[in-house]
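J.: Generate coordinates for the sequence data below:
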Amino acid sequence: MSRGQTARNPCIGRGGRIAFLGKSQMEIQIGSRTAPTDLVRRAISSLSLLAALVTLAAALMAQDVQQSSASSNAALSHPTQTQDPSSISQQEVESQPGTTSSRHGSFVIAPLPISSPALGTGMVPILGYIFTLQKQDKESSPSVIGAAGLATDNGSRGFGAFSDLFLGRDTYRITVLYVRGNLNYDFYGIGVANGGGGKKFPLEQTGQVFRAEISRRLGWQFFLGGRYWDGSSEIVPRGSATGEPPSDLSLHTALRGLGLHLKRETAPNRFYPTTGTLLEFTSDFFSHALGSKYSFQSYRFTFNKYGSLSDNQVLAYNLFVCATAGEPPFYSNCIYGTNNELRGYTAGQYLDRYMFATQLEYRLSLPWRLGLVGFGGVGQVVPGGSQLFRSSNFLPGGGGGVRFQLSKKYHVNLRTDFARGKDTWTWSMGVGEAF
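T.: This next block holds a predicted model:
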C-alpha cells in the first residue's frame, strides 16, 4: 500500500496498461509456490483496468494493480533461475497453499486488503482457476481465468474478469479483460506548477473497459502482439473543491483504440532478478474513426537492467519514458509516481504530455531472510520536448527499505520502502521488488 502527505488522486500505469487510480502497492502472497502467487499478481493487474475509467489510453498489478502489474506472468513464466516454466507440473500447481484442487486444475481464493491515498481502505476479493489448456503442451505456462472485485471506504466499487491463455508451446499468448465500476479521486491539474500548488477538484468516474490482446513469439525471446481497447466513462463532481475542474467534466466519453505490444525479458527470476534485462514498448492509437470521442496516441517504453555484484548484492537500473500525442482526455496523460516511477510521490499529483523517470537501486540480502535496499532517481513531467531537462521541472526522489523473504525457493520478498520526493514522502509495502 502507499501512503503520502498529499491528497487522493489518480494514477496511470506503464506500458499502456491501465493502472488503478491510486491502486494499492500491497499484494498478498498466499503461498510460497509460484502459481497462486502469480495468480494474485495477475488478478491485481487485471483489477487495475478499472483505471481505464480514468486512464484508458495510458494500465493494476498489476502490478503493480504489474506493477506490473505489475507483473503479468511473473512466476509462471520464470519461476526460478534454474527451473524452466514447462517443469511446473499440474501436481505442483495443485499443491499450493490457498488452492483447491479439481480434476483439471486448481482454484485460488484470496481476499486482499487495500489501503491507498487515492481510494481509501478496503478489500479486493479474488477468485481464480489455474489449469493447463493443452495437456500435451509441456512448454507453455499454465493458463489462468478469474474475477476480482473492489470495495473501499471512499465509495469506490468495481468488478473485473480476466483470462491469460498460453498455448502452442509458448508460441501464443492471449489476454482478455473486462472491468466495470466507479472510482472516487482528486484532480490537481496539468503540469508541474499545478501539481505543486496543492489545489484539488474531487471527482467520481463511472464506466467500463474491455481489452483483448494476442501476442506471438518472434525469436530472441521477443513477443509481439496487437490489442483492442473499448471503454466508456462519465465524470461528475464530488464534494467541495479548491482547484479548477477538468474539461471532461459531466461528459459521457467513449474511447476505442488499437495498439501494439513488444516485450523481451531475460531475467531468470522475475520476483528477484539478479541478471538479465527487461525491454517493453507499447503504442496505443485512439481514433474518431473507431468511434472514440478523443483522437490521440499513447506510447510507453520501459528498460530494466540487473547485475550481481556478489552472491548477496544486486544493482538494478530502471528507465521509463512516456509520451502522449494528439488530443487526449486529462486522464490519458503521463502520470508521475505510478508503478514506483518514482517512489516518494503520490501518483497523480504531477501529470503532463511527456514524462521520463530513471532510478538506481542497491539490494543486499542478509541472514534470517532479511534484506536492505537503497534507491534514488530523478524524472520530469513536461508539456513539450523543448522543456525537458530544465532544472525547475526535475522531480528527484530517494529512500531506503527493508525486505523479508517470504519464499526461499523463489526469493519472493515482502518489501517496505520509505521515500522522500520534492515535496512529499511515501511509505509503501508490496510483494516482489519495485522493478
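J.: quick check: mean pLDDT across stretch 342-349?
T.: Stretch 342-349 carries an average pLDDT of 82.
J.: Tell me how far it lies from the chain's centre.
T.: 14 Å (C-alpha atoms, centre = their mean, to the nearest Å).
J.: and residue 194, that one's in a helix?
T.: Yes. Per DSSP: H, G, I helix; E, B strand; the rest coil, residue 194 lies within a helix segment.
J.: what sits against it?
T.: 188, 243 (C-beta atoms under 8 Å, 6 or more residues apart in numbering). C-betas here are computed from N, CA, C, even on glycine.
J.: Residue 290 now?
T.: By C-beta under 8 Å, 6+ apart, residue 290 lies in contact with 256-258.
J.: Quick one: buried ones out of these?
T.: Neighbour-count burial (16 or more other C-beta atoms under 10 Å) is assigned, among the contacts of residue 290, to 256-257.
J.: Look at residue 116 and report its pLDDT.
T.: For residue 116, pLDDT reads 62.
J.: Run a quick neighbour tally on residue 425.
T.: Residue 425 has 18 neighbours, counted by other C-beta atoms under 10 Å.
J.: Surely it touches residue 345?
T.: No. Between residue 425 and residue 345 there is no contact under C-beta atoms under 8 Å: 9.3 Å.
J.: For the stretch 101-250 of the chain, just list every one of the strands.
T.: 105-116, 120-131, 143-152, 157-167, 172-187, 201-219, 222-237 (DSSP state E, counting those that start in this stretch).
J.: Output the contacting helices and strands for the third one.
T.: When contacts are defined as 3 or more C-beta pairs under 8 Å, 6 or more residues apart in numbering; DSSP states H and E, strand 143-152 sits against helix 34-47, strand 105-116, strand 120-131, strand 157-167.
J.: among the ones you listed, which gets the worst mean confidence?
T.: Mean pLDDT values for the helices and strands packed on strand 143-152 show the minimum at helix 34-47, a mean of 39.
J.: Please dump the strands of the stretch 101-250 of the chain into a markdown table; it should also carry distance to residue 297 for every row.
T.: Below are the strands of the stretch 101-250 of the chain laid out as a markdown table (distance: least, C-beta to C-beta, whole Å):
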| stretch | distance to residue 297 |
| --- | --- |
| strand 105-116 | 29 |
| strand 120-131 | 31 |
| strand 143-152 | 29 |
| strand 157-167 | 25 |
| strand 172-187 | 21 |
| strand 201-219 | 17 |
| strand 222-237 | 12 |
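J.: Could you dump these into a markdown table and include mean neighbour count and distance to residue 340?
T.: As requested, those are exported to a markdown table (neighbours: other C-beta atoms under 10 Å; distance: least, C-beta to C-beta, whole Å):
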| stretch | mean neighbour count | distance to residue 340 |
| --- | --- | --- |
| strand 105-116 | 20 | 14 |
| strand 120-131 | 20 | 19 |
| strand 143-152 | 22 | 21 |
| strand 157-167 | 20 | 22 |
| strand 172-187 | 22 | 19 |
| strand 201-219 | 19 | 23 |
| strand 222-237 | 18 | 23 |
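J.: wait, which of those is closest to residue 362?
T.: Closest of these to residue 362 is strand 105-116, at 27.5 Å (criterion: C-beta to C-beta).
J.: quick one on the thing from earlier: between the strands of the stretch 101-250 of the chain, which one is nearest to residue 352?
T.: Taking C-beta to C-beta, strand 172-187 is the member of those nearest to residue 352, at 13.5 Å.
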